[in-house]
Each structure stands twice: as structure tokens, then as C-alpha cells.
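Q: sequence unavailable; structure follows:
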């Protein structure tokens, strides 16, 4: 919904149309992305419902075939009220233009997500500003799991969010390391954020949502498929300023994420391992052939990413002290309740600020560690 | 001796003076190297014997102190006949300008060896054309020893010589790997070529001499010291077109060799290992900080070195077939005996060629695998 507040509200037309597309089309459909960019989401949806294309000029045979494909699942799209109702179950929708939308996703061009479904307490945009994607083999060795967990814990303890895919092996070790260090971690899934997949990670995904975020391009209830994992990988790579591969065979899906990171001009890093281990072969390949940076510690990861993250982090308050906050942000901070959450509307009323300003300030306060999302909206973060 | 043949002969004045300097001064003495370059070895030796400097213009107080230091060991210098007699014990002297002298040592400037003492059958200059220095920790792990031995065997099997320092750990594994593959390996020692140091390597050094070369800047009988190992390292780095570090702690002597290789514009390579192993930390440092190439296999080592080695290998026959040999080289090949060795003088007589031409051709034939040194001089190589 527009604004990203957690309290249910009427959903605006554009956001609703984007939510609908997450049901109708597979993410990354460049033709649909181009139509949304050119004609707007609501107009495109209205045209498709009418069995037409929003831009008659581009209505060739292939475009008509695509349109008919999108129409197949029209019956599955929930109503605007049903979409708004997801908020009551702790799921929220974030769309391009919302304050929580990570602007760096526009690097994906027409392939950027139509919308993202989120479950969890952290602010997606600000979490990703200082973050690293940690990916690797599902069949990680004890060495790979250990290194993933240690590195994730160390970067998380220094205030960097850990983004991964929620899978077994390196992904799980990275999420767990960040959680154990009381850090923020983001799981980007290839299924709905309410789908416990893999089933053995039900508790892990709940723990990630409680402390960070579970994110998906697919709507609630969607199942993971082989192809969806590959499509999802581009989002992991795009969200973080850099991707770190910890263990990966020569044909690992982690190399697919790494290729996206390279193509998106993100930093690419890899942890070396024994040359006698097939699972380190992919890491060595990245270093040799793709000029990936060899890293052996959290300090080296942060050294590699800081020049980039520093640029995008200029949106953050210069220092973490209250004195460094601008007047509006300080007013929002004063309005925040200590325990039970408050919605952005009431916060704005108390602080005497416009809703857009309130959301910008809340994001900055979340990133600076002053505020956090909770059930009723926002509150002061416990220190 | 001039010419590098193995049969004893009167030693020329310049070579004798260089042999004498290997007794009088520690290798790498830039002041002495400069005097030899400017005034010649024989004149410099004569002046020092007379308590003078060969170049009065540069006779400052520091130069006079150095000269007095060189004079301290004058009594230890053997006579020309005694130096020539070393040949009977299988030790030969090679000096700048000799056909067997590796021209690339001039990259060391005035720090290049005064002379090299050799024990063994291979031709030093041609062995080094296609070679790799493999160095690493004396306290190698099972992983490091295994990788050193495997890589050395693989590069040696493809006709590349393995240069190392004859020490425990990575050095020994590399030498043994090359020997096991019937390849050429060169041990550059920090003591005399007849000194079994470390004593546990007596047999290994003999095996290296039998199949390759044991080399030193220090004269027969000299003992190894801590400082000499570091001075020796520059020769290992200079001889090979590239240096490969297999396991090295952050303060390992192998990093000293690597630094020389870097400073000499040689290729620098390192084998990665677990980031949890202190002995791989030096390798990862080389890759991160000195732009060392990460290598995981013999093919990658050769890929890294071939562009360089190819340049210096233009002296080799274009193909290994007899048809590719030039007339003079073919004549020398025809003159070679199958079993008992023949001296270069007799070979030249039979082939109707000048001694210098004979030695050039013998070197080329050795490098191409047609000829080998043996007790009596040279013979056809058993195939």
C-alpha cells in the first residue's frame, strides 16, 4: 500500500495493480515491465482485464500472446480489500515509489520486481543500504557453514545487514550467524513470504521475520519452483552493494547470483578454500575469471563494500547522536511511543508533519537504530 | 670455468676472481658488484689483494672499510688449480658470460651473484627458461605438502623445471614431486652445494643433483646462516619467470621470495587454502595485496607463465623434431655419443664447429630433450 505503514488502509490503484501482476505474471517479464513503465500499472491492468494492450502501437502477435498468458490467472487475483487485509496477518506490500522501496532495484531496468511482499520488522530500504548478500552451496561443508556463520555474525555485529536466500547450507548459516549477533538479516524467497520452504526452515524463517525481513516477489501462498530460484537470484544481487560467495561448485546457483552481481556492477567477493575441495572451485573461479575480491574476514568484506555503501548511506544522519538529527526527524523521534506501536498517521499528527515526511524520518530513524517496526506500527527501539 | 664444460681445464682470470669473491664477500654486496661491473673481476681482486680499491675515484672511507672486510677472508680463497679441481668432484663454476649463465640474473643489477656453483646434470640456463619457483612454509600442513607435490609433478611432467630451496615442508614436497615425474628440479641452497643441509635431506639433494641441479652462490663447504636464506631467496625469484607460494604464514620467508619476485616483475602466484588456516594467510595476502594470481592447478600455473616463458624460449628449436634443428645443431647432435660422455672439445672437432657454437647447440639440444650432461661431458639423452 502507498506509504508502507503497517496499519490497514485503502490500497491505491497503482499498488493494487502491481500486487495483481505478482499473481498474473512471473517476475522479471521484460515485456510487462516495459508496459508498466510506459503506461502505468493501473492502466496496464485495466487493459489486460479488457483483453487489450494498453499501448496499441506495440500490439504485435507476440504481445497479444503474452497478454493472453497473463489473463490465464486473472481469477486468482485477490480484491483490493483482500490485498489490504494481508496487513493484518503481518504481510505488507512495498512498491516502487514507496519510502521503503529499495531504489537500487531500478538497476534491473524493466526486469525490476513489480512489487515486493514483506514479512518482518526491519525497514527494507534502509537495511539494504549497508548490507552484503551471502550466498553459496546448499550442500556446504562444515568449513563453508562455519565460515558463513562467522562472517555473517561479524558483519552483522558491525551493523551490516546480511541478505541471503533462506536455503539450506551457506544461506542458513549466514542467516543464523546474523541472528545470533542480534543483527538484521533479510531472506529473499522464491515462494510466498508465508510459505515455509524448505519446511525444515519454518522456525528459521519466523526468526528472520521477527528480527529482520522475509521478502518475495511472489504473492502469499505461491510455491517455489526451480526456475523461480534463478529469477529470485537477481533480486538478492541487486539489493546489496556486494555479493559474497562462500562455497560453490562450478555449477552452483550461487554462481548465478554472482553473475547478476557482476552484471549489475555490484562488488563481487569470494572466500577461498582448499583447492582439493570441489565446493571451493566456484569461489576460485570467481576470483580468477571475474576479478572477484578474495576475502578472508568480515573486516575485508566491509573494506570492500564501504566505498559503495558510504555513497548511498549519505541519506543517513551524519552521526548516531540525537543532536545530529534534523528538526523534523527529531520531532518524529519525540512522538514515538516506547512500547505499543503507533501508526505513521498518528505520529504525523503528534509531530505536526506531512505523512511523506513522517515516513522518510521513520526510515532514517530505523536505519540509525532509534526506531523499529512493531505490530501496531512504529516505536522506540529498545537499546 | 669459461665455457661451462665439465672436463677440467685451466680457469680463466675473470672466472677465478669471481670464484674468489664467493669466498671473500657475502653475495648481494652492491658495492662489490658495482666495482666488478666497472673494473672487471680480476682487476678488482688484484686491487683488494694489494689493499687498494680498483677505482681510486670512489675510495671513500666506507669503501675502504668494505675493502678491509673483504680482505679478512683472503687466506680462505683456494688457488686457481684448486678451483679447477672441484670439477673432478662433480662441482662446476658458472659465471656471467658463460653459455650456462642464466641471463635473467642481470635483473638483480649489481646484486647479481658473482658466480654460481653447480652440482648436477641439467643445464642451468635452459632449465630455467621454462621453470617455476615453488616456495612455502617449512612447517607445511598435509594439505600444503600434498598440493606442492601434485603441482610440481604436473608442471614437471609437462616439461617445466621446478626451482625451490631444498628446505623441509613445501620445498621438499615440490622437489620430490618433480623428481617423481622424471622432471628437472633445481635446489638453490644457502650453503655449499656439497653441504648436506638440512642433514635429513642428504639423499634428496643427491637425487636432485642426479636428475637436475643443486645451485649455490656460496662456495663448496660454506655453511647456511639465517641471513643467507634471505639473500638466497632473491636468486630463486630471479631464476624463474614466476614464483608460486603454496603455504605461508604472514611472516614466512616464502613471502620474502614473493616480494623479490614482485620487485623483479616476475609473475607471482599463490594457492589458496582454508581461511581458517594460518598457513594460508600469506597466500591470501599475496592475492589480495600484491595482485598475485590465484592458481589451483598445474594448467593454471603454466597458463600464467607461458606468455613470459614463450618470449625467452625463442632460443629453443621451434619444434622438437630433428627436422626443425638448424644445420649446426644437427651436426652437434650427430656427433653425440649414445653412452659414455664426450667433452665439448671433441664434439666440436667431430662436428667441425667452434667451441662457442658447440656449447650453444648443446644447450639447445639439452633444452629440447635430445642431449644430457653426464660424467664424461655430454651424450644423447635416453628416451
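A: Looks like it arrived, so ask away. Please read all numbers here as calculations on a predicted model, not as lab measurements.

Q: got the residues of chain A near chain B?
A: A:143, A:146-147, A:271-276, A:280-281, A:284, A:287-288, A:293-297, A:300 (CB under 8 Å from any CB of the partner chain). Any C-beta I mention is one placed from the backbone N, CA and C, and that applies to glycine too.

Q: which among those count as buried?
A: The neighbour-count criterion (16 or more other CB atoms under 10 Å in any protein chain shown) marks A:143, A:146-147, A:271-275, A:280-281, A:284, A:287-288, A:293-297, A:300 among the residues of chain A next to chain B as buried.

Q: so which of these belong to strands?
A: Per DSSP state E, strands hold the following members of these: A:293-294.

Q: domain assignment for chain A?
A: For chain A, automatic domain parsing gives the domain ranges A:13-114, A:120-313, A:322-380.

Q: got the phi/psi numbers for residue A:140?
A: Backbone torsions for residue A:140, taken as degrees, to the nearest 10, come to phi -60, psi 150.

Q: from residue B:127, how far out is it?
A: 44 Å (CB to CB, to the nearest Å).

Q: more neighbours: which of those two?
A: residue B:127 (27 against 23; other CB atoms under 10 Å in any protein chain shown).

Q: for the strand or helix carrying that one, give the mean pLDDT please.
A: Counting by DSSP states H and E, the element that carries residue B:127 is helix B:124-129. Taken as a whole, helix B:124-129 has an average pLDDT of 91.

Q: which elements pack onto that helix?
A: strand B:161-164, strand B:185-189, strand B:213-216, helix B:355-367 (3 or more CB pairs under 8 Å, 6 or more residues apart in numbering or on different chains; DSSP states H and E).

Q: list the residues that contact the closest residue in space to residue A:51 that isn't next to it in sequence.
A: Excluding the flanking residues, the one nearest residue A:51 by CB to CB, 6 or more residues apart in numbering or on different chains is residue A:71, at 6.8 Å. By CB atoms under 8 Å, 6 or more residues apart in numbering or on different chains, residue A:71 lies in contact with A:24, A:48-49, A:51.

Q: tell me which helix or strand residue A:117 sits in.
A: Secondary structure (DSSP H and E) places residue A:117 in strand A:116-120.

Q: nearest residue to the closest residue to chain B within chain A other than its sequence neighbours?
A: Closest approach of chain A to chain B (CB to the nearest CB) occurs at residue A:272, with a separation of 3.3 Å. Nearest-residue entry for residue A:272: residue B:272, 3.3 Å, with adjacent residues in sequence omitted and distances by CB to CB, 6+ apart.

Q: over to residue A:243. Which of the three states is it?
A: On the three-state scheme (DSSP: H, G, I helix; E, B strand; the rest coil), residue A:243 is labelled strand.

Q: run through the bridge partners of it.
A: In this entry, residue A:243 is beta-bridged to residue A:133, residue A:268, by DSSP bridges.

Q: and the gap between the closest residue to residue A:38 other than its chain neighbours and residue B:56?
A: Nearest non-adjacent residue to residue A:38, counting by CB to CB, 6+ apart: residue A:55, 5.9 Å away. When distance is defined by CB to CB, residue A:55 is 93 Å away from residue B:56.

Q: those two: which is more packed in?
A: The residue with more neighbours, out of residue A:55 and residue B:56, is residue A:55; 15 against 9, by other CB under 10 Å.

Q: so who does the more buried one touch?
A: Residue A:55 touches A:35, A:38-39, counting by CB under 8 Å, 6+ apart.

Q: model confidence score at it, please.
A: pLDDT, residue A:55: 83.

Q: top of the contacts of residue A:71 by neighbour count?
A: With neighbours defined as other CB under 10 Å, the most crowded of the contacts of residue A:71 is residue A:48; it has 24 neighbours.

Q: check which helices and strands the strand or helix carrying that residue sits against.
A: Taking DSSP H and E as the criterion, residue A:48 maps to helix A:41-49. Counting contacts by 3+ CB pairs under 8 Å, 6+ apart, helix A:41-49 packs against helix A:13-24, helix A:30-39, helix A:61-71.

Q: and it, which residues are buried?
A: For helix A:41-49, using 16+ other CB under 10 Å, the buried residues are A:41-45, A:47-48.

Q: give the contact list for residue A:189.
A: A:165-166, A:195, A:197, A:205, A:214-216, A:218, A:224, A:232.

Q: lowest-confidence entry in those?
A: Ranked by pLDDT, the contacts of residue A:189 bottom out at residue A:197, which has 92.

Q: in PyMOL, how would I select the buried members of the contacts of residue A:55?
A: This is the PyMOL syntax for the buried subset of those, where burial follows 16+ other CB under 10 Å:
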select buried, chain A and resi 35+39
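
Q: same list (the contacts of residue A:55) but as TSV, adding pLDDT.
A: TSV is the format used below for those (pLDDT from 0 to 100):
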residue	pLDDT
A:35	94
A:38	94
A:39	95
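
Q: find the nearest non-adjacent residue to the residue most central in space within chain A, please.
A: When CA atoms, centre = their mean is applied to chain A, the residue found nearest the centroid is residue A:215 (5.3 Å). Nearest residue to residue A:215, sequence neighbours excluded (CB to CB, 6+ apart): residue A:188, at 4.9 Å.

Q: on that earlier part again, need the mean per-residue confidence for the strand holding residue A:117.
A: Strand A:116-120 carries an average pLDDT of 96.

Q: re earlier: closest one to residue B:377 among the domains of chain A?
A: Among the domains of chain A, the nearest to residue B:377 by CB to CB is domain A:120-313 (42.8 Å).

Q: quick revisit: now the helix holding residue A:48: mean pLDDT?
A: Over the span of helix A:41-49, the pLDDT mean works out to 96.

Q: try stretch A:294-314
A: Model confidence over stretch A:294-314, given as mean pLDDT, is 80.

Q: cool, stretch A:329-336 as well?
A: What stretch A:329-336 shows for mean pLDDT is 89.

Q: show me what counts as buried in it.
A: Buried residues in stretch A:329-336, counted by 16+ other CB under 10 Å: A:329-333, A:335-336.

Q: do the same with stretch A:92-111
A: A:92-96, A:98-102, A:104-105, A:108, A:111.
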